[in-house]
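**Q** For reference, the sequence and a predicted model appear below.
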Amino acid sequence: MNTLTRIKENILTEGLTLRPAQWSDLEPVAKLILDVLTADDDAISAVTPQELEREWRSEGFTLEKDAWVVTTDDGRVVGFEEFIHRHAHAYFNGDGYVHPEFRGLGIGTVLLQEVEERARMEMQLAEPDVRVYIRNGTSAADKSAGAIHEIEGYEPVRYHWTMEANLTEAPKVIPFPNGIELRPFIKGTQDYLVFQAEDEAFRDHWGHVPGHFENWKLRKLERAEFDSALWHIAWDGDQIAGFSQTRYRNGIGWIGTLGVRRPWRQRGLGESLLLHSFNEFHKRGMLRIGLGVDASNPTGATRLYQKVGMQVAVEDVIYEKELRPGRELEAQD
């Protein structure tokens, strides 16, 4: 029987060590994430070391206090978790990974408890009457991760889908609504206008919080592989009506963000943008296309994606733990 070592009221199998993450962990953590998601048949969602670095450099994130790794005696990173402060010191996300060969050794429990401890420190800065909670996502196929969450007091509250389409021919083209035209995205000139349009378009989506422009730019526009030709912006005069921000991701065409602002909804603009994006990928020889979506999306996005032939490839479960009941935060807070 393995000797158990108690660390901060958690139990890790002997030979495993929990510590704060360091910059030298960047590539090992990216490799761990790839290994975990590959085992979950979701390798498309893996991040590159460069993408992970941008996350770690985001304003408001401090690596030494907001991320942890679990290592073996020989220094191998086999567990990782990060804490993300989403809004108002009251809404937090965790994002954790345990290598498939090291499950059942207490790693997931240790990491979840670290996130909660960090959240309870941060929530001291929240308004005293607001509800405080943590949300974590995990593969629906990973029953052990689900069980760990539930033991730690989390409940499943939502589902998220990765959907894919495999093009066998050029998709049909649907004309844009009258008065709507596509114009090239001009990086450095239209950045803030697109950011504002995106923030407004997603304001009624579950879990939305006010966007942070500098972090948005870091995540989207400062990729070495960023290609403005893959951003399709629909204009109505001098107003952005909708957008499809696409890119290549882990070997497929990826619809990163597709949105239509409220005044232009119910006119077919979303479908026109989606099919236009499909066609642009098809022209480039990319026939496999994916995107991520809230399975309960209030704008009918899942119906649109199914209509154009996309199917669910991966399902994730979003778990939530309430740390304090209270007033629900509004997006404008």
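**A** Perfect, thanks for sending it.
**Q** CA only for contacts and neighbour counts going forward, please
**A** Will do.
**Q** you'd agree residue 185 is up against residue 231?
**A** Yes: the pair residue 185 and residue 231 qualifies as a contact (Cα atoms under 8 Å) at a distance of 6.3 Å.
**Q** Which residue ranges of this structure form strands?
**A** 4-7, 10-13, 16-20, 67-72, 77-87, 91-98, 132-139, 155-166, 181-184, 231-236, 239-249, 252-260, 288-294, 311-324 (DSSP state E).
**Q** Name the spans of the stretch 1-150 of the chain whose pLDDT lies under the cut-off.
**A** 1-10 (pLDDT under 70).
**Q** can you do 90?
**A** Applying pLDDT under 90 to the stretch 1-150 of the chain flags the ranges 1-11.
**Q** Just list whatever residues bridge to residue 13.
**A** residue 4 (DSSP bridges).
**Q** ok, so what distance separates the residue lying closest to residue 294 once chain neighbours are set aside from residue 136?
**A** Nearest non-adjacent residue to residue 294, counting by Cα to Cα, 6 or more residues apart in numbering: residue 160, 4.6 Å away. Between residue 160 and residue 136 the distance is 11 Å, computed by Cα to Cα, to the nearest Å.
**Q** which residues are common contacts for the two?
**A** Shared contacts of residue 160 and residue 136 (Cα atoms under 8 Å, 6 or more residues apart in numbering): residue 318.
**Q** With distance to residue 59 as added columns, please give the strands of the chain in JSON lines.
**A** Shown next, in JSON lines, are the strands of the chain (distance: least, Cα to Cα, whole Å):
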{"stretch": "strand 4-7", "distance to residue 59": "30"}
{"stretch": "strand 10-13", "distance to residue 59": "30"}
{"stretch": "strand 16-20", "distance to residue 59": "19"}
{"stretch": "strand 67-72", "distance to residue 59": "14"}
{"stretch": "strand 77-87", "distance to residue 59": "11"}
{"stretch": "strand 91-98", "distance to residue 59": "15"}
{"stretch": "strand 132-139", "distance to residue 59": "20"}
{"stretch": "strand 155-166", "distance to residue 59": "26"}
{"stretch": "strand 181-184", "distance to residue 59": "29"}
{"stretch": "strand 231-236", "distance to residue 59": "25"}
{"stretch": "strand 239-249", "distance to residue 59": "22"}
{"stretch": "strand 252-260", "distance to residue 59": "21"}
{"stretch": "strand 288-294", "distance to residue 59": "24"}
{"stretch": "strand 311-324", "distance to residue 59": "24"}
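**Q** would you turn the ones you listed into JSON lines with mean neighbour count and distance to residue 266?
**A** Shown next, in JSON lines, are the strands of the chain (neighbours: other Cα atoms under 10 Å; distance: least, Cα to Cα, whole Å):
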{"stretch": "strand 4-7", "mean neighbour count": "13", "distance to residue 266": "55"}
{"stretch": "strand 10-13", "mean neighbour count": "18", "distance to residue 266": "51"}
{"stretch": "strand 16-20", "mean neighbour count": "18", "distance to residue 266": "48"}
{"stretch": "strand 67-72", "mean neighbour count": "22", "distance to residue 266": "42"}
{"stretch": "strand 77-87", "mean neighbour count": "23", "distance to residue 266": "30"}
{"stretch": "strand 91-98", "mean neighbour count": "22", "distance to residue 266": "31"}
{"stretch": "strand 132-139", "mean neighbour count": "22", "distance to residue 266": "31"}
{"stretch": "strand 155-166", "mean neighbour count": "18", "distance to residue 266": "22"}
{"stretch": "strand 181-184", "mean neighbour count": "14", "distance to residue 266": "17"}
{"stretch": "strand 231-236", "mean neighbour count": "20", "distance to residue 266": "15"}
{"stretch": "strand 239-249", "mean neighbour count": "22", "distance to residue 266": "12"}
{"stretch": "strand 252-260", "mean neighbour count": "21", "distance to residue 266": "9"}
{"stretch": "strand 288-294", "mean neighbour count": "20", "distance to residue 266": "19"}
{"stretch": "strand 311-324", "mean neighbour count": "19", "distance to residue 266": "23"}
